[in-house]
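Asker: Sequence first, predicted model second:
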Amino acid sequence: MGRWLIVAGLVLVALGTVLHYAPWLLGWFGKLPGDIDIQSGRTRVFVPITSMILVSIVVTVLVNLLRR
């Protein structure tokens, strides 16, 4: 369990660094068909349904590959 937490932490740090210094790499996130973005006055509702499904599929594939 400890090793998994260390690896997960390192992956999150690496992902955070990439997103901070290269935000154009994920410019597509939240702009896919099926993502809901409602703006009205000072209120904004953002629900990235399609983007989250895609992220879920990628994470599932990666976890299954790492388990084997």
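Answerer: Noted; the coordinates are in hand.
Asker: In a helix, residue 39, correct?
Answerer: No: counting by DSSP: H, G, I helix; E, B strand; the rest coil, residue 39 falls outside a helix, being strand.
Asker: In terms of pLDDT, where does it sit?
Answerer: Model confidence at residue 39, given as pLDDT, is 93.
Asker: my read: residue 25 touches residue 15, true?
Answerer: No: applying CB atoms under 8 Å as the test, residue 25 and residue 15 come out as separate, 10.3 Å apart. For glycine as for every other residue, the C-beta is placed from the backbone atoms N, C-alpha and C.
Asker: Over to the residue nearest to residue 38 when sequence neighbours are not counted: give its phi and psi.
Answerer: Setting aside the residues directly before and after it, residue 38 is nearest to residue 45 in space (CB to CB, 6 or more residues apart in numbering), at 4.4 Å. Backbone torsions of residue 45, given as degrees, to the nearest 10, read phi -120, psi 120.
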